[in-house]
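Visitor: this is a predicted model, with the sequence first.
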Amino acid sequence: MLTIDPDEDTQRLPGAEIARHLARHGVTVQAATIAGADVAVGDLLLSYAADHSIDLIVMGAYGHSRLREMVLGGATRTLLKHMTVPVLLSH
């Protein structure tokens, strides 16, 4: 489970509860947090997956306005265009 640029006031690791829930059901999962800085979220996800030999990305999918996605891009669109591992999307 990967969280990118979480809120700084959060005292608990985002995703820790869902990671524990999945672990109770036999799913191997680790919760991690990274800073995104200047890298697009979609590119950061793909890079992290490659660096850590991740074989499946599970993520929520949603869109923004066309103008915002044209200017800023979108993680969902990036993953769909450039996925290097299977991606399971939920909307």
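Guide: Received the coordinates, thanks. Numbering: from 1, shown residues only.
Visitor: mind naming the longest helix for this structure?
Guide: In the chain, with assignment by DSSP state H, the single longest helix is helix 41-51.
Visitor: so what touches that helix?
Guide: 2, 4, 34, 36, 39, 54, 57, 59, 73-79, 82-85 (Cβ atoms under 8 Å, 6 or more residues apart in numbering). From N, CA and C alone the C-beta is placed, and that goes for glycine too.
Visitor: buried subset of the residues you listed as a ChimeraX selection?
Guide: In ChimeraX syntax, the buried subset of these is picked out as below (16 or more other Cβ atoms under 10 Å):
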select :2,4,57,74,75,76,78,79
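Visitor: one step back: let's test this: mean pLDDT of the longest helix of the chain, rounded?
Guide: Throughout helix 41-51, pLDDT has a mean value of 89.
Visitor: just the buried residues of it, please?
Guide: 41-42, 44-46, 49.
Visitor: rewinding a little: now, the contacts of helix 41-51 that are in helices?
Guide: Short answer: these in helices (DSSP H) are 75-79, 82.
Visitor: what's the burial count for the nearest residue to Leu2 once chain neighbours are set aside?
Guide: Using Cβ to Cβ, 6 or more residues apart in numbering and skipping the chain neighbours, the partner closest in space to Leu2 is Ala32 (5.4 Å). Around Ala32 there are 14 other residues, counting by other Cβ atoms under 10 Å.
Visitor: let me see the contact set for Ala32.
Guide: 1-3.
Visitor: the strands in the chain, which residues?
Guide: All strands of the chain, identified by DSSP state E, fall at 2-4, 32-34, 57-60, 87-90.
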